[in-house]
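**Student:** Give me the fold of what follows.
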Amino acid sequence: MTQATSQPTTALRKPVARQEKTRLSVGFILAKRFTLCAFANFVDVLRLAADEGDRSRPILCNWTVLSDTMDPIPSSSGISVHPKERLGDPRRFNYIVVVGGLIEDGTDLSAGYQNFLQEAAAAGVPLVGVCTGAFLLHRAGLLDGYRSCVSWFSHSDFKEQFDGLDPVTDQIFVVDRDRLTCAGGVSSAHLAAYLVDKHVGTAHANKSLHIMIIDDAHQAEKPQPGIPLDLKTQNPIVQRALHIMQQNIDAPISIQEIAQRMGKSKRQIERYFRLSLETSPQVAFLNIRLDLARHLVLTSQKSVAQIAVDCGFCDSSHLSRMFRRRYGCTPQVLRGLPAPQEQVA
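**Tutor:** Residues are numbered from 1 along each chain as shown. Alright, predicted model coming up:
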């Protein structure tokens, strides 16, 4: 993929036939079995920024779900959304947002949607890929030469589908000229807030996030909660193994099983890790789990016992022992709580 040398901000466009007070107009295309959370987060930022208080009138912002058939669109959770408008002229929007669905479906957008997006791109309307929307835009040939962001969870799938392309998985969203992509989930709220900040104002963007109980707006460079920075590598085999580890944090699998999934031997995986990271895959897997545990200790209200379960440790005592070895203190001490009395075996 051609790497962009800069990320210039997208120019404010004046879409045709819009209300005089509207500063930001967004059209949504929802893939079959789209991710409801990512869509809802994006829309709610627009809704809360568009009006005073929580009145939801589409004044400063407006948004609509577009369709080529007007049939209800099922989300991955089984809840369907009814589109509001036919595709029509894309120039009436500042942005067209494509919300992706489940990777396993592997379906492309219909010819009607693809033609609409091609028309939007030709007219200079910026295109946004949310969650796996980047997959759909790539398959439609609309991200060639652009940097794109996907969730760390989808990194391996992306590389398998688009040979030779390496997406950004260490940021929550990417702005590359007139293409914007994000990892999905809460990152879609931050990308929407970025657009509100740009077109409507910082106060409106912050208001939306605060009402949604999201502390502050995050910039694009905010890292995804993924692989620790000291485990970054360009070796594709090690990268894939690390992502498999991430996907199995709460129920750790053996290095032998990881190797089998990758069609490699355990000894090969261990050799690649030593050459790329100067550590063993066993230590790397433990460090990924401990780094997540530390993140949860510092940023969540979960009990240490629950954090231990979430990070694949037998119990809180097991977590505390491993935690002390790595960080020099127990999770309780890091959180500012009295350390529990541990029994000596």
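**Student:** tell me the helices in this structure, going along the chain?
**Tutor:** Remark: helices assigned in the chain by DSSP state H are 36-49, 111-122, 133-139, 155-161, 187-199, 202-211, 236-246, 255-262, 266-277, 281-299, 304-310, 316-327, 331-334.
**Student:** Helix 202-211 and the fifth one, what's the angle between them?
**Tutor:** For helix 187-199 against helix 202-211, the angle between stretch directions is 160 degrees (axes from the mean of the first three to the mean of the last three CA atoms, to 10 degrees).
**Student:** do the same with the second one
**Tutor:** With the same axes, to 10 degrees applied, the angle from helix 111-122 to helix 202-211 works out at 140 degrees.
**Student:** Quick check: which helices or strands does the helix or strand of the chain with the lowest mean pLDDT pack against?
**Tutor:** One helix or strand of the chain scores below all others by mean pLDDT, DSSP states H and E: helix 155-161, with a mean of 73. Packed against helix 155-161 by the contact rule (3 or more CB pairs under 8 Å, 6 or more residues apart in numbering; DSSP states H and E) you find helix 133-139, helix 236-246. Glycine gets a C-beta too; all of them are placed from N, C-alpha and C.
**Student:** Just the CA trace of it, in CSV.
**Tutor:** The C-alpha trace of helix 155-161 is given here as CSV (Å, rounded to 0.1, in the frame of the first residue of the first chain):
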residue,chain,number,x,y,z
HIS,A,155,-5.7,-7.5,11.7
SER,A,156,-4.9,-11.1,10.6
ASP,A,157,-8.2,-11.3,8.6
PHE,A,158,-7.4,-8.1,6.8
LYS,A,159,-3.9,-9.2,5.8
GLU,A,160,-5.3,-12.6,4.6
GLN,A,161,-7.9,-10.8,2.5
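**Student:** For that helix, which outside residues touch it?
**Tutor:** With contact meaning CB atoms under 8 Å, 6 or more residues apart in numbering, helix 155-161 is reached by 103, 134-135, 138-139, 150, 165-167, 169, 236, 239-240, 243-244.
**Student:** Scan those residues and report the most crowded one.
**Tutor:** Ala134 (32 neighbours; other CB atoms under 10 Å).
**Student:** For that one, which residues are in contact?
**Tutor:** Gly100, Leu143, Ser148, Cys149, Val150, Phe158, Pro167, Thr181.
**Student:** make it 6 Å
**Tutor:** The contact partners of Ala134, by CB atoms under 6 Å, 6 or more residues apart in numbering, come to Ser148, Val150, Thr181.
**Student:** Excluding chain neighbours, what is closest to Ser80?
**Tutor:** Pro72 (4.1 Å; CB to CB, 6 or more residues apart in numbering).
**Student:** Look up how far Gly78 lies from the one you found.
**Tutor:** Going from Pro72 to Gly78 by CB to CB, to the nearest Å gives 11 Å.
**Student:** which one of those two has more residues nearby?
**Tutor:** Pro72 (11 against 8).
**Student:** now the stretch 51-200 of the chain, which segments are flagged as low pLDDT?
**Tutor:** 104-106, 155-156, 164, 170 (pLDDT under 70).
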